[in-house]
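J.: Attaching a predicted model along with its sequence, questions to come.
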Amino acid sequence: MKKLFGTNGIRFILGKDFTLKDVLQVGLAIGTFFSKGKCLLGRDVRLTGEVIANTIASALMSTGINVYDIGLITTPALQYLVKKREFDFGIMITASHNPPEFNGIKVIDNDGVEIPPEKEKLIEEIYFTRKFKYANWENVGEFSEMRFLIDEYLDGVLSHINEELISKRKFKVAVDPANSVSVLTTPRLLKRLKCKVLTVNAHLDGTFPGRKPEPRLDNLQTLSEAVIASGADLGVAHDGDGDRAIFVDEKGQVYWGDKTAALIVMDFLERNPGECIVTPVSSSKIIEDVAKKYGGKIIYTKVGSIIVSRMMMKLGAKLGVEENGGIFYGPHLPVRDGTMATALILDILARKETSLSSLLSSLPKYYQVKDKVPCPNELKAKVLKILLSEVSGVKVETIDGVKVWYSDGSWVLARPSGTEPIYRIFSEAKDPQRAKELAENMKEKVLKIISTLKE
Ligand code: MG
(Lines give C-alpha, C1' and ligand atoms only; values in the text may rest on other atoms or scores of the structure.)
Protein backbone atom coordinates (compact mmCIF):
# COMPACT_ATOMS: atom_id res chain seq x y z
CA MET A 1 0.00 0.00 0.00
CA LYS A 2 1.36 3.40 -0.98
CA LYS A 3 1.53 6.13 1.65
CA LEU A 4 0.05 9.59 1.53
CA PHE A 5 0.53 10.72 5.12
CA GLY A 6 4.03 11.25 6.50
CA THR A 7 4.97 11.63 10.16
CA ASN A 8 3.15 14.97 10.29
CA GLY A 9 0.33 15.06 7.76
CA ILE A 10 0.72 15.27 3.99
CA ARG A 11 3.65 17.39 2.70
CA PHE A 12 4.37 18.42 -0.91
CA ILE A 13 5.43 21.15 -3.31
CA LEU A 14 2.32 22.18 -5.25
CA GLY A 15 2.84 21.76 -8.99
CA LYS A 16 6.06 19.78 -8.52
CA ASP A 17 5.40 16.48 -6.76
CA PHE A 18 1.69 17.09 -6.18
CA THR A 19 -0.85 18.70 -8.53
CA LEU A 20 -4.00 20.64 -7.73
CA LYS A 21 -5.92 17.58 -8.95
CA ASP A 22 -4.11 15.51 -6.29
CA VAL A 23 -5.13 18.10 -3.68
CA LEU A 24 -8.74 17.89 -4.88
CA GLN A 25 -8.67 14.11 -4.56
CA VAL A 26 -7.20 14.32 -1.04
CA GLY A 27 -10.15 16.61 -0.19
CA LEU A 28 -12.59 14.14 -1.73
CA ALA A 29 -11.01 11.26 0.20
CA ILE A 30 -11.21 13.16 3.51
CA GLY A 31 -14.80 14.22 2.78
CA THR A 32 -15.79 10.67 1.82
CA PHE A 33 -14.20 9.35 5.03
CA PHE A 34 -16.04 11.77 7.36
CA SER A 35 -19.13 11.63 5.08
CA LYS A 36 -21.02 14.39 6.90
CA GLY A 37 -20.72 17.13 9.49
CA LYS A 38 -18.74 20.32 9.71
CA CYS A 39 -15.07 21.06 9.15
CA LEU A 40 -13.03 24.01 10.40
CA LEU A 41 -10.51 24.94 7.70
CA GLY A 42 -7.47 27.14 8.25
CA ARG A 43 -4.04 27.85 6.80
CA ASP A 44 -0.66 29.41 7.49
CA VAL A 45 0.87 32.24 5.46
CA ARG A 46 2.34 30.16 2.58
CA LEU A 47 1.71 31.50 -0.94
CA THR A 48 -0.02 28.29 -2.07
CA GLY A 49 -2.23 28.21 1.05
CA GLU A 50 -5.26 29.95 -0.40
CA VAL A 51 -5.46 27.91 -3.59
CA ILE A 52 -5.05 24.66 -1.65
CA ALA A 53 -7.61 25.68 1.00
CA ASN A 54 -10.16 26.69 -1.64
CA THR A 55 -9.67 23.41 -3.50
CA ILE A 56 -10.04 21.38 -0.30
CA ALA A 57 -13.17 23.39 0.58
CA SER A 58 -14.77 22.63 -2.82
CA ALA A 59 -13.91 18.95 -2.56
CA LEU A 60 -15.33 18.66 0.97
CA MET A 61 -18.53 20.50 0.01
CA SER A 62 -19.06 18.20 -2.98
CA THR A 63 -19.04 15.25 -0.56
CA GLY A 64 -21.63 16.95 1.66
CA ILE A 65 -19.39 18.49 4.34
CA ASN A 66 -20.16 22.00 5.63
CA VAL A 67 -16.98 24.05 5.53
CA TYR A 68 -16.21 26.85 7.99
CA ASP A 69 -13.24 28.81 6.72
CA ILE A 70 -11.24 30.56 9.43
CA GLY A 71 -8.47 31.78 7.07
CA LEU A 72 -5.04 32.53 8.55
CA ILE A 73 -4.49 30.86 11.92
CA THR A 74 -1.87 28.87 13.83
CA THR A 75 -2.22 25.08 13.92
CA PRO A 76 -2.68 24.94 17.74
CA ALA A 77 -5.36 27.68 17.66
CA LEU A 78 -7.26 25.78 14.98
CA GLN A 79 -6.92 22.57 16.98
CA TYR A 80 -8.27 24.24 20.11
CA LEU A 81 -11.24 25.72 18.25
CA VAL A 82 -12.08 22.40 16.56
CA LYS A 83 -12.49 20.84 19.99
CA LYS A 84 -14.06 23.79 21.82
CA ARG A 85 -16.59 24.59 19.08
CA GLU A 86 -17.38 20.90 18.55
CA PHE A 87 -16.44 20.59 14.90
CA ASP A 88 -16.47 17.08 13.47
CA PHE A 89 -12.94 17.64 12.22
CA GLY A 90 -10.51 20.30 11.12
CA ILE A 91 -8.05 20.75 8.28
CA MET A 92 -4.93 22.87 8.51
CA ILE A 93 -3.04 23.81 5.35
CA THR A 94 0.58 24.12 6.44
CA ALA A 95 4.06 22.71 6.00
CA SER A 96 5.02 23.75 9.54
CA HIS A 97 8.78 24.41 9.64
CA ASN A 98 9.55 23.30 6.03
CA PRO A 99 10.92 25.81 3.48
CA PRO A 100 8.49 28.26 1.76
CA GLU A 101 7.93 26.20 -1.40
CA PHE A 102 6.43 23.33 0.60
CA ASN A 103 2.88 23.08 1.79
CA GLY A 104 0.83 20.38 3.42
CA ILE A 105 -2.45 19.12 4.81
CA LYS A 106 -3.05 18.15 8.44
CA VAL A 107 -6.31 16.49 9.45
CA ILE A 108 -7.49 17.22 12.99
CA ASP A 109 -9.91 14.95 14.81
CA ASN A 110 -12.84 16.26 16.88
CA ASP A 111 -10.70 15.96 20.03
CA GLY A 112 -8.34 18.62 18.64
CA VAL A 113 -5.48 16.18 18.00
CA GLU A 114 -4.25 15.02 14.56
CA ILE A 115 -6.12 11.91 13.44
CA PRO A 116 -4.57 8.58 14.51
CA PRO A 117 -2.76 6.32 11.97
CA GLU A 118 -5.81 4.01 11.61
CA LYS A 119 -7.87 6.88 10.22
CA GLU A 120 -5.01 8.05 7.99
CA LYS A 121 -4.92 4.54 6.55
CA LEU A 122 -8.64 4.56 5.76
CA ILE A 123 -8.33 7.96 4.05
CA GLU A 124 -5.33 6.68 2.06
CA GLU A 125 -7.35 3.67 0.97
CA ILE A 126 -10.14 5.90 -0.37
CA TYR A 127 -7.57 8.16 -2.03
CA PHE A 128 -5.66 5.42 -3.82
CA THR A 129 -8.76 3.45 -4.90
CA ARG A 130 -10.56 6.69 -5.89
CA LYS A 131 -13.74 5.46 -4.21
CA PHE A 132 -15.18 8.91 -3.64
CA LYS A 133 -18.78 9.41 -2.55
CA TYR A 134 -20.39 12.57 -3.90
CA ALA A 135 -23.43 14.26 -2.39
CA ASN A 136 -26.57 14.79 -4.48
CA TRP A 137 -27.15 18.31 -5.74
CA GLU A 138 -29.52 19.08 -2.86
CA ASN A 139 -27.07 17.80 -0.24
CA VAL A 140 -23.82 19.55 -1.15
CA GLY A 141 -22.14 21.27 1.78
CA GLU A 142 -22.33 24.95 2.62
CA PHE A 143 -19.47 27.40 2.92
CA SER A 144 -19.24 29.92 5.77
CA GLU A 145 -16.53 32.25 6.92
CA MET A 146 -15.52 32.28 10.57
CA ARG A 147 -13.40 35.17 11.75
CA PHE A 148 -12.24 36.88 14.94
CA LEU A 149 -11.87 33.77 17.08
CA ILE A 150 -8.27 34.43 18.15
CA ASP A 151 -9.41 35.91 21.47
CA GLU A 152 -11.51 32.85 22.19
CA TYR A 153 -8.38 30.73 21.75
CA LEU A 154 -6.32 33.15 23.87
CA ASP A 155 -8.97 33.01 26.62
CA GLY A 156 -8.25 29.27 26.73
CA VAL A 157 -4.48 29.82 26.97
CA LEU A 158 -4.84 32.51 29.65
CA SER A 159 -7.09 30.34 31.82
CA HIS A 160 -4.05 28.17 32.72
CA ILE A 161 -1.72 30.90 33.96
CA ASN A 162 -1.70 33.67 36.56
CA GLU A 163 -2.77 36.60 34.40
CA GLU A 164 -2.80 39.09 37.26
CA LEU A 165 0.68 38.26 38.53
CA ILE A 166 2.19 38.36 35.03
CA SER A 167 0.44 41.64 34.21
CA LYS A 168 1.95 43.24 37.31
CA ARG A 169 5.47 42.47 36.12
CA LYS A 170 5.05 44.51 32.89
CA PHE A 171 7.47 42.26 30.99
CA LYS A 172 9.13 43.47 27.83
CA VAL A 173 9.07 40.69 25.22
CA ALA A 174 10.50 40.50 21.69
CA VAL A 175 8.70 38.18 19.27
CA ASP A 176 9.87 36.67 15.96
CA PRO A 177 6.84 34.98 14.33
CA ALA A 178 8.77 34.14 11.12
CA ASN A 179 6.42 36.35 9.04
CA SER A 180 3.70 33.75 9.54
CA VAL A 181 0.52 33.19 11.50
CA SER A 182 1.93 33.54 15.03
CA VAL A 183 1.81 37.26 14.20
CA LEU A 184 -1.88 36.88 15.05
CA THR A 185 -1.53 35.07 18.37
CA THR A 186 1.60 35.63 20.47
CA PRO A 187 1.83 39.47 20.26
CA ARG A 188 -1.86 39.66 21.13
CA LEU A 189 -1.45 37.27 24.06
CA LEU A 190 1.39 39.45 25.34
CA LYS A 191 -0.66 42.63 25.00
CA ARG A 192 -3.40 41.01 27.07
CA LEU A 193 -0.75 40.22 29.70
CA LYS A 194 0.24 43.93 29.80
CA CYS A 195 3.65 43.20 28.31
CA LYS A 196 5.55 45.66 26.19
CA VAL A 197 5.78 43.89 22.83
CA LEU A 198 8.47 44.31 20.17
CA THR A 199 8.48 42.31 16.97
CA VAL A 200 10.86 41.31 14.18
CA ASN A 201 9.78 39.49 10.98
CA ALA A 202 6.19 40.33 11.87
CA HIS A 203 4.46 41.27 8.61
CA LEU A 204 2.62 38.38 6.99
CA ASP A 205 4.66 37.20 4.00
CA GLY A 206 4.54 33.69 2.50
CA THR A 207 8.01 34.01 1.01
CA PHE A 208 9.43 34.05 4.57
CA PRO A 209 11.78 36.96 3.80
CA GLY A 210 13.10 37.34 7.37
CA ARG A 211 14.30 33.84 8.10
CA LYS A 212 13.47 30.24 7.31
CA PRO A 213 10.28 28.93 8.97
CA GLU A 214 12.22 26.66 11.33
CA PRO A 215 13.51 28.57 14.38
CA ARG A 216 17.06 27.43 15.04
CA LEU A 217 20.05 28.46 17.11
CA ASP A 218 21.74 29.75 13.95
CA ASN A 219 18.96 31.90 12.45
CA LEU A 220 17.67 34.00 15.33
CA GLN A 221 20.38 36.68 15.43
CA THR A 222 17.89 39.45 14.59
CA LEU A 223 15.68 38.47 17.51
CA SER A 224 18.66 38.13 19.81
CA GLU A 225 19.90 41.61 18.81
CA ALA A 226 16.40 43.05 19.29
CA VAL A 227 16.28 41.62 22.82
CA ILE A 228 19.64 43.14 23.73
CA ALA A 229 18.99 46.52 22.06
CA SER A 230 15.59 46.95 23.69
CA GLY A 231 16.52 45.56 27.10
CA ALA A 232 13.73 42.97 26.79
CA ASP A 233 13.20 40.33 29.49
CA LEU A 234 13.09 37.61 26.85
CA GLY A 235 12.53 36.82 23.19
CA VAL A 236 10.46 34.10 21.56
CA ALA A 237 10.56 32.71 18.01
CA HIS A 238 7.97 30.48 16.36
CA ASP A 239 7.91 28.17 13.35
CA GLY A 240 5.68 28.57 10.28
CA ASP A 241 2.47 27.30 11.89
CA GLY A 242 3.07 28.41 15.46
CA ASP A 243 3.28 25.12 17.29
CA ARG A 244 6.92 25.51 18.32
CA ALA A 245 8.64 28.13 20.49
CA ILE A 246 12.35 28.80 20.88
CA PHE A 247 13.37 31.25 23.60
CA VAL A 248 16.09 33.89 23.98
CA ASP A 249 17.17 35.10 27.43
CA GLU A 250 17.61 38.75 28.43
CA LYS A 251 21.29 38.58 27.47
CA GLY A 252 20.42 37.57 23.91
CA GLN A 253 21.38 33.91 24.24
CA VAL A 254 19.24 31.53 22.19
CA TYR A 255 18.40 28.14 23.80
CA TRP A 256 17.51 24.92 22.05
CA GLY A 257 14.07 23.61 23.05
CA ASP A 258 15.10 21.01 25.62
CA LYS A 259 16.59 23.64 27.94
CA THR A 260 13.36 25.63 28.19
CA ALA A 261 11.39 22.37 28.20
CA ALA A 262 13.40 21.29 31.28
CA LEU A 263 12.46 24.55 32.98
CA ILE A 264 8.78 23.95 32.27
CA VAL A 265 9.08 20.33 33.44
CA MET A 266 10.79 21.42 36.67
CA ASP A 267 8.14 24.03 37.46
CA PHE A 268 5.31 21.69 36.52
CA LEU A 269 6.60 18.85 38.74
CA GLU A 270 7.19 21.22 41.65
CA ARG A 271 3.49 21.95 41.55
CA ASN A 272 2.29 18.51 40.36
CA PRO A 273 4.57 15.93 42.02
CA GLY A 274 4.54 12.37 40.70
CA GLU A 275 3.15 13.21 37.26
CA CYS A 276 4.62 11.64 34.14
CA ILE A 277 6.30 13.56 31.35
CA VAL A 278 6.11 12.27 27.77
CA THR A 279 9.07 12.92 25.49
CA PRO A 280 10.71 11.31 22.40
CA VAL A 281 13.88 9.21 22.80
CA SER A 282 15.92 11.93 21.07
CA SER A 283 15.40 14.38 23.95
CA SER A 284 18.24 15.58 26.15
CA LYS A 285 18.93 13.79 29.42
CA ILE A 286 18.27 17.14 31.10
CA ILE A 287 14.57 16.30 30.93
CA GLU A 288 15.10 12.97 32.67
CA ASP A 289 17.46 14.47 35.28
CA VAL A 290 15.00 17.22 36.14
CA ALA A 291 12.05 14.82 36.21
CA LYS A 292 13.93 12.46 38.56
CA LYS A 293 14.99 15.29 40.86
CA TYR A 294 11.44 16.56 41.17
CA GLY A 295 9.78 13.17 41.56
CA GLY A 296 8.35 12.78 38.08
CA LYS A 297 8.39 9.87 35.69
CA ILE A 298 9.67 9.97 32.10
CA ILE A 299 7.85 8.10 29.36
CA TYR A 300 9.92 7.86 26.17
CA THR A 301 8.25 7.57 22.77
CA LYS A 302 9.22 7.36 19.14
CA VAL A 303 10.03 10.72 17.54
CA GLY A 304 6.98 12.59 16.20
CA SER A 305 4.61 15.14 17.69
CA ILE A 306 1.48 13.09 16.98
CA ILE A 307 3.01 10.13 18.80
CA VAL A 308 3.68 12.31 21.86
CA SER A 309 0.10 13.67 21.74
CA ARG A 310 -1.46 10.23 21.45
CA MET A 311 0.73 8.82 24.26
CA MET A 312 -0.30 11.71 26.52
CA MET A 313 -3.95 10.96 25.83
CA LYS A 314 -3.47 7.25 26.46
CA LEU A 315 -1.78 7.87 29.82
CA GLY A 316 -3.73 10.96 30.78
CA ALA A 317 -0.35 12.73 31.02
CA LYS A 318 -0.47 16.49 31.44
CA LEU A 319 2.88 17.47 29.96
CA GLY A 320 4.85 16.47 26.87
CA VAL A 321 8.04 18.07 25.56
CA GLU A 322 10.26 17.90 22.47
CA GLU A 323 13.83 19.11 21.94
CA ASN A 324 12.77 21.22 18.94
CA GLY A 325 10.69 23.66 21.01
CA GLY A 326 7.48 21.64 21.21
CA ILE A 327 5.58 21.99 24.50
CA PHE A 328 2.36 19.98 24.91
CA TYR A 329 0.34 21.30 27.82
CA GLY A 330 -2.39 18.73 28.40
CA PRO A 331 -4.76 20.80 30.57
CA HIS A 332 -5.11 23.12 27.54
CA LEU A 333 -4.77 20.49 24.79
CA PRO A 334 -2.24 17.64 24.39
CA VAL A 335 -0.75 19.18 21.23
CA ARG A 336 2.32 21.34 20.88
CA ASP A 337 1.55 25.02 21.04
CA GLY A 338 4.10 27.84 20.78
CA THR A 339 1.79 30.49 22.25
CA MET A 340 0.85 28.28 25.21
CA ALA A 341 4.59 27.64 25.75
CA THR A 342 5.20 31.40 25.83
CA ALA A 343 2.44 31.83 28.41
CA LEU A 344 3.95 29.07 30.59
CA ILE A 345 7.44 30.65 30.50
CA LEU A 346 6.03 34.05 31.51
CA ASP A 347 4.07 32.40 34.30
CA ILE A 348 7.28 30.84 35.62
CA LEU A 349 9.22 34.12 35.35
CA ALA A 350 6.47 36.00 37.19
CA ARG A 351 6.37 33.52 40.08
CA LYS A 352 10.12 32.98 40.41
CA GLU A 353 10.92 36.68 40.25
CA THR A 354 14.25 36.11 38.55
CA SER A 355 15.68 36.33 35.04
CA LEU A 356 15.37 33.66 32.36
CA SER A 357 19.17 33.34 32.14
CA SER A 358 19.52 32.61 35.86
CA LEU A 359 16.71 30.04 35.78
CA LEU A 360 18.27 28.28 32.79
CA SER A 361 21.81 28.37 34.17
CA SER A 362 20.67 26.32 37.17
CA LEU A 363 19.94 23.33 34.90
CA PRO A 364 22.40 20.46 34.38
CA LYS A 365 24.72 20.96 31.39
CA TYR A 366 25.15 18.48 28.55
CA TYR A 367 26.75 18.61 25.13
CA GLN A 368 25.00 17.20 22.12
CA VAL A 369 26.08 16.19 18.63
CA LYS A 370 23.55 15.73 15.80
CA ASP A 371 24.64 14.09 12.58
CA LYS A 372 23.22 11.99 9.74
CA VAL A 373 24.20 9.18 7.40
CA PRO A 374 22.60 8.61 3.97
CA CYS A 375 20.81 5.23 3.91
CA PRO A 376 18.44 3.88 1.23
CA ASN A 377 14.95 3.34 2.66
CA GLU A 378 14.96 -0.36 1.75
CA LEU A 379 18.09 -0.99 3.86
CA LYS A 380 16.90 0.81 7.00
CA ALA A 381 15.35 -2.22 8.74
CA LYS A 382 18.31 -4.50 7.93
CA VAL A 383 20.78 -1.91 9.20
CA LEU A 384 18.88 -1.67 12.46
CA LYS A 385 18.90 -5.41 12.97
CA ILE A 386 22.66 -5.72 12.47
CA LEU A 387 23.33 -2.60 14.52
CA LEU A 388 21.40 -4.06 17.44
CA SER A 389 23.62 -7.13 17.50
CA GLU A 390 26.75 -4.97 17.52
CA VAL A 391 26.10 -2.38 20.23
CA SER A 392 26.45 -2.70 23.98
CA GLY A 393 26.06 -0.41 26.96
CA VAL A 394 24.44 -0.34 30.40
CA LYS A 395 21.08 -0.13 28.65
CA VAL A 396 19.99 -0.55 25.01
CA GLU A 397 16.61 0.89 24.05
CA THR A 398 14.77 0.13 20.82
CA ILE A 399 11.81 2.49 21.10
CA ASP A 400 12.89 4.29 17.92
CA GLY A 401 16.06 3.05 16.23
CA VAL A 402 18.66 2.05 18.79
CA LYS A 403 19.68 4.12 21.81
CA VAL A 404 22.68 3.02 23.84
CA TRP A 405 23.21 4.33 27.36
CA TYR A 406 26.63 4.23 29.07
CA SER A 407 27.59 4.14 32.73
CA ASP A 408 28.67 7.80 32.78
CA GLY A 409 25.13 8.88 31.78
CA SER A 410 26.07 9.58 28.16
CA TRP A 411 24.09 8.09 25.28
CA VAL A 412 24.04 7.71 21.51
CA LEU A 413 21.02 7.16 19.27
CA ALA A 414 20.86 5.94 15.66
CA ARG A 415 17.38 6.34 14.21
CA PRO A 416 16.07 5.77 10.68
CA SER A 417 14.30 8.94 9.53
CA GLY A 418 10.59 8.52 8.81
CA THR A 419 10.66 11.06 5.98
CA GLU A 420 14.13 10.99 4.39
CA PRO A 421 16.57 8.28 3.21
CA ILE A 422 18.90 8.88 6.14
CA TYR A 423 19.85 7.60 9.57
CA ARG A 424 19.92 10.32 12.20
CA ILE A 425 22.67 10.11 14.81
CA PHE A 426 22.33 11.91 18.15
CA SER A 427 24.70 11.78 21.09
CA GLU A 428 24.92 13.52 24.42
CA ALA A 429 27.48 13.66 27.22
CA LYS A 430 28.74 15.90 30.03
CA ASP A 431 31.95 16.34 28.06
CA PRO A 432 31.88 17.72 24.46
CA GLN A 433 34.73 15.45 23.33
CA ARG A 434 32.90 12.37 24.63
CA ALA A 435 29.69 13.40 22.79
CA LYS A 436 31.70 13.85 19.60
CA GLU A 437 33.38 10.46 19.92
CA LEU A 438 30.11 8.66 20.58
CA ALA A 439 28.49 10.19 17.48
CA GLU A 440 31.55 9.49 15.31
CA ASN A 441 31.79 5.86 16.43
CA MET A 442 28.09 5.29 15.77
CA LYS A 443 28.32 7.00 12.39
CA GLU A 444 31.23 4.76 11.40
CA LYS A 445 29.32 1.65 12.52
CA VAL A 446 26.22 2.57 10.52
CA LEU A 447 28.25 3.46 7.41
CA LYS A 448 30.13 0.16 7.62
CA ILE A 449 26.92 -1.87 7.91
CA ILE A 450 25.38 -0.01 4.94
CA SER A 451 28.43 -0.61 2.76
CA THR A 452 28.50 -4.34 3.67
CA LEU A 453 24.79 -4.63 2.81
CA LYS A 454 25.35 -2.92 -0.53
CA GLU A 455 28.08 -5.36 -1.57
MG1 MG B 1 5.04 23.42 13.25
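T.: That came in fine, so what should we check first? Note that the structure is a prediction, hence the values are computed from the model and not measured. Numbers count the residues shown, from 1 in each chain.

J.: which stretches of this structure have low pLDDT?
T.: For the chain, residues meeting the criterion pLDDT under 70 lie at 1.

J.: biggest helix in it, by residue count?
T.: If each helix of the chain is counted by residues according to DSSP state H, the longest one is helix 432-454.

J.: roughly how far is that helix from the heart of the chain?
T.: Here helix 432-454 shows a centroid-to-chain-centroid distance of 28 Å under the convention CA atoms, centre = their mean, to the nearest Å.

J.: try stretch 302-318
T.: 12 Å.

J.: Residues contacting that stretch, please?
T.: 7-8, 111, 113-114, 116, 243, 268, 272, 275-282, 299, 301, 319-320, 322, 326, 328-331, 334-336, 399-400, 415, 418 (CB atoms under 8 Å, 6 or more residues apart in numbering). (Glycine included, C-beta is placed from N, CA and C.)

J.: which residue does the stretch 351-455 of the chain bring closest to the ion?
T.: When distances are taken as CB to the ion, the stretch 351-455 of the chain reaches nearest to the ion at residue 419, 14.0 Å away.

J.: on that earlier part again, filter the contacts of stretch 302-318 down to just the buried residues.
T.: When the contacts of stretch 302-318 are checked for burial by 16 or more other CB atoms under 10 Å, the buried set is 8, 111, 113-114, 243, 268, 275-282, 299, 301, 319-320, 322, 326, 328-330, 334-336, 400, 415.

J.: Sort out for me which of the residues you listed are in helices.
T.: Checked against DSSP H, those include these in helices: residue 268.

J.: Quick check: which of the buried ones among the contacts of stretch 302-318 are also close to the ion?
T.: Filtering the buried ones among the contacts of stretch 302-318 for proximity to the ion (criterion: CB under 5 Å from the ion) leaves residue 243.

J.: Among the buried ones among the contacts of stretch 302-318, which ones are in strands?
T.: 276-280, 299, 301, 319-320, 328-329, 415 (DSSP state E).

J.: Same list, these, but as CSV with distance to residue 86 please.
T.: As requested, these are arranged in CSV below (distance: CB to CB, whole Å):
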residue, distance to residue 86
276, 29
277, 30
278, 26
279, 31
280, 31
299, 30
301, 29
319, 26
320, 24
328, 22
329, 21
415, 38
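
J.: Closest one to residue 261 out of those, please.
T.: residue 279 (7.7 Å; CB to CB).

J.: thought the closest one was touching residue 324?
T.: No - in terms of CB atoms under 8 Å, residue 279 does not count as a neighbour of residue 324; the distance is 11.3 Å.

J.: how many other residues sit next to residue 398?
T.: A total of 10 residues lie near residue 398 under the criterion other CB atoms under 10 Å.

J.: again but with residue 358, I slipped
T.: Residue 358 sits with 11 neighbouring residues when counted by other CB under 10 Å.

J.: my read is it is in a helix, agree?
T.: Yes - Residue 358 sits within a helix when classified using DSSP: H, G, I helix; E, B strand; the rest coil.

J.: Can you tell me how far it is from residue 349?
T.: Residue 358 sits 10 Å away from residue 349, taking CB to CB, to the nearest Å as the criterion.

J.: In the stretch 1-150 of the chain, which residue sits closest to the ion?
T.: Distances from the stretch 1-150 of the chain to the ion, computed as CB to the ion, single out residue 96 as the nearest residue at 3.2 Å.

J.: Which positions in the protein make contact with the ion?
T.: Contact residues, the chain versus the ion (CB under 5 Å from the ion): 96, 239, 241, 243.

J.: redo that, cut-off 6 Å
T.: Applying the criterion CB under 6 Å from the ion, the portion of the chain that neighbours the ion consists of 96-97, 239, 241, 243-244.

J.: Okay, domains of the protein per the record?
T.: Domain assignment of the chain by automatic domain parsing yields the ranges 10-147, 152-361, 367-454.

J.: Ok, which of these comes nearest residue 3?
T.: Of all these, domain 10-147 comes closest under CB to CB, at 6.7 Å.

J.: Quick one: end-to-end length of the closest one, please.
T.: One end of domain 10-147 sits 26 Å from the other (CA to CA, to the nearest Å).

J.: What helix or strand is residue 168 located in?
T.: For residue 168, the host element (DSSP states H and E) is helix 163-169.

J.: residues making contact with that helix?
T.: With contacts defined as CB under 8 Å, 6+ apart, helix 163-169 is touched by 192-195, 346-347, 349-351.

J.: Could you check how far the closest residue in space to residue 269 that isn't next to it in sequence is from the ion?
T.: Setting aside the residues directly before and after it, residue 269 is nearest to residue 294 in space (CB to CB, 6 or more residues apart in numbering), at 3.6 Å. Distance of residue 294 to the ion, computed by CB to the ion, to the nearest Å: 28 Å.

J.: what comes up buried for stretch 447-455?
T.: Within stretch 447-455, the residues scored as buried using 16+ other CB under 10 Å are 449-450.
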